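>>> Sharing a model prediction with you, sequence too.
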Amino acid sequence: MAAKRMAATQDVESLTLQCPADLWKTRQSWLHLLFGDPEHWDITRCQNDFPGCVEQCLDGLNGSACVATALIIDFDGVPEFDLTRRQFHALGCALGHPSGCTNRGATIRNVATPIDPISVGDRETALTCIKRTFAIACSAENAWGCAMEGQALRLGEGGPVDKTTARDRLDYACVLSGETEKSDSTLAPCRFAKQQLELLNNKE
């Protein structure tokens, strides 16, 4: 078990050197491909059993546990855990959890740091990678992925401006968010998407 954990940890470290779009589902076993994650881990469950959450990510190769682990580290706001947060999101993406791809792409785009080579490398290459990553997440019906892809298309990040497709992705973000979304949540993907649509419309 110790050797397996060491190999898994080294694998996590290597994943941050690759574009998340190229990692999508590359670490899934055939059981995961057939049946998905055996059990779902959300933030609350991960908070209540953080060691178990990490174990399910690294040993159980559970994508939802990896993303939940990364979010817990993110909420702690401890700078020295930042690389670990990025690594767990990358592994979540590689295990087929679209939120891992979206969050990994967002950290590359928004928070450049020397500990994350992609984020401080050639900017155009990074933006192309990020756009591809958000597109994959959106195709997997991740609302934030669609919202972020729409923003990239609106701004022309990683490719030409495409207003028509941008509107499509931003509208889809709201469809995926569903009717249960709290309208007062400033972090909700639909609210963000609507802000992007407003900016897009104001330029016409």
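Yep, it's here.
>>> As a check, name the ranges of all helices in the protein.
Here the chain has its helices, by DSSP state H, at 2-15, 20-23, 30-35, 43-48, 50-58, 63-76, 82-94, 98-110, 117-120, 123-139, 143-155, 163-177, 189-202.
>>> mind saving the C-alpha coords of the third one as CSV?
So that's helix 30-35. Extracted in CSV, the C-alpha atoms of helix 30-35 (Å, rounded to 0.1, in the frame of the first residue of the first chain):
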residue,chain,number,x,y,z
TRP,A,30,-11.9,0.2,-17.0
LEU,A,31,-14.2,-0.1,-13.9
HIS,A,32,-14.4,3.7,-13.7
LEU,A,33,-15.0,3.9,-17.5
LEU,A,34,-17.9,1.5,-17.1
PHE,A,35,-19.5,2.5,-13.8
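>>> packing partners for that helix?
Under the contact definition 3 or more C-beta pairs under 8 Å, 6 or more residues apart in numbering; DSSP states H and E, helix 30-35 sits against no other helix or strand. Using the backbone N, CA and C atoms, a C-beta is placed for each residue, glycine as well.
>>> Could I get the average pLDDT for it?
Throughout helix 30-35, pLDDT has a mean value of 74.
>>> what do you get for stretch 196-204?
86.
>>> what residues does that stretch touch?
Under the contact criterion C-beta atoms under 8 Å, 6 or more residues apart in numbering, stretch 196-204 has outside partners A147, G150, Q151, R154, K163, A166, R167, L170, D171.
>>> Of those - the most surrounded one?
Among the contacts of stretch 196-204, A147 has the most neighbours (other C-beta atoms under 10 Å), with 30 neighbours.
>>> Break the protein into its domains for me.
Domains of the chain are assigned by automatic domain parsing as 11-118, 145-202.
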